[in-house]
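[1] attaching a predicted model along with its sequence, questions to come.
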Amino acid sequence: MTPFGRRPRSSLRHNPHTRVPYMSRRLSALALAGLVAVSSIAATALADFSGGWDVLVQGPQGPVNSVLTIEQKGDSVTGKFESELGVAPISGQTKGDSIKFAFALDAGGQMLNLLAVGALKDKDNLAGNIVAEGMGEFPFEAKRK
């Protein structure tokens with residue numbers, strides 16, 4: 001106590017369990033928050049999908065070999081999907097290690113709208129599903145050329 005009846009302020013605040021200076025605890029909390037922010041940014045960093053991929057789709061009539069060529073600019077992808085049904089342009093997006101792109105193929109005079117959704121298993125392997133409008137989902141695997 002001081003002559004004025006108040007205790008002088010100090011950088012130490014009473015904590016029955018520790019006597020860590022208040023500023024030190026604040027700096028530790030800020031450092032931890034910064035570390036969490038950096039790690040979450042790294043986790044959402046863009047994966048590289050660009051290049052050629054050999055694709056195997058488990059279609060309704062059995063396995064179908066296809067080739068996927070991707071051009072990536074930031075989180076946008078374009079390119080082409082080639083299969084026994086023909087060649088179709090693709091367009092889509094990436095987020096982290098995931099990709100989603102749409103394309104349409106002519107299946108005997110009927111346009112088949114397709115949506116592929118997948119994720120990298122590692123830098124050279126991709127897996128996911130192709131959703132065929134009105135027909136269901138078909139799993140695919142792709143290996144980088």
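    Cool, got the structure.

[2] buried ones in stretch 111-120?
    In terms of neighbour count (16 or more other Cβ atoms under 10 Å), stretch 111-120 has its buried residues at 112, 114, 116, 117, 118, 119, 120. Quick note: C-beta positions are derived from backbone N, CA and C, even for glycine.

[3] turn those residues into JSON lines, including secondary structure.
    As requested, the buried residues of stretch 111-120 are exported to JSON lines (DSSP: H, G, I helix; E, B strand; the rest coil):
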{"residue": "112", "secondary structure": "strand"}
{"residue": "114", "secondary structure": "strand"}
{"residue": "116", "secondary structure": "strand"}
{"residue": "117", "secondary structure": "strand"}
{"residue": "118", "secondary structure": "strand"}
{"residue": "119", "secondary structure": "strand"}
{"residue": "120", "secondary structure": "strand"}
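
[4] which among these gets closest to residue 47?
    Distance to residue 47 across the buried residues of stretch 111-120 (Cβ to Cβ) is lowest for residue 120, with 5.4 Å.

[5] tell me, how many residues neighbour the residue lying closest to the closest one once chain neighbours are set aside?
    Spatial nearest neighbour of residue 120, chain neighbours left out: residue 97 (4.3 Å); criterion: Cβ to Cβ, 6 or more residues apart in numbering. Applying other Cβ atoms under 10 Å, we find 19 residues neighbouring residue 97.

[6] and residue 97, backbone torsions?
    Note on residue 97: its backbone torsions stand at phi -100, psi 20 [degrees, to the nearest 10].

[7] so residue 131 makes contact with residue 118?
    No - in terms of Cβ atoms under 8 Å, residue 131 does not count as a neighbour of residue 118; the distance is 11.3 Å.

[8] shaky segments in this structure?
    Applying pLDDT under 70 to the chain picks out residues 1-45.

[9] map the structural domains onto the sequence of it.
    Using automatic domain parsing, the domain ranges for the chain come out as 1-43, 51-144.

[10] next, the distance between the ends of the last one.
    Okay, so that is domain 51-144. By Cα to Cα, to the nearest Å, the extent of domain 51-144 from end to end equals 7 Å.

[11] what about the residue nearest to residue 120, distance to residue 126?
    Relative to residue 126, residue 97 is positioned 9 Å away (Cβ to Cβ, to the nearest Å).

[12] overlap in contacts of those two?
    119, 120 (Cβ atoms under 8 Å, 6 or more residues apart in numbering).

[13] fine, thanks again, bye for now.
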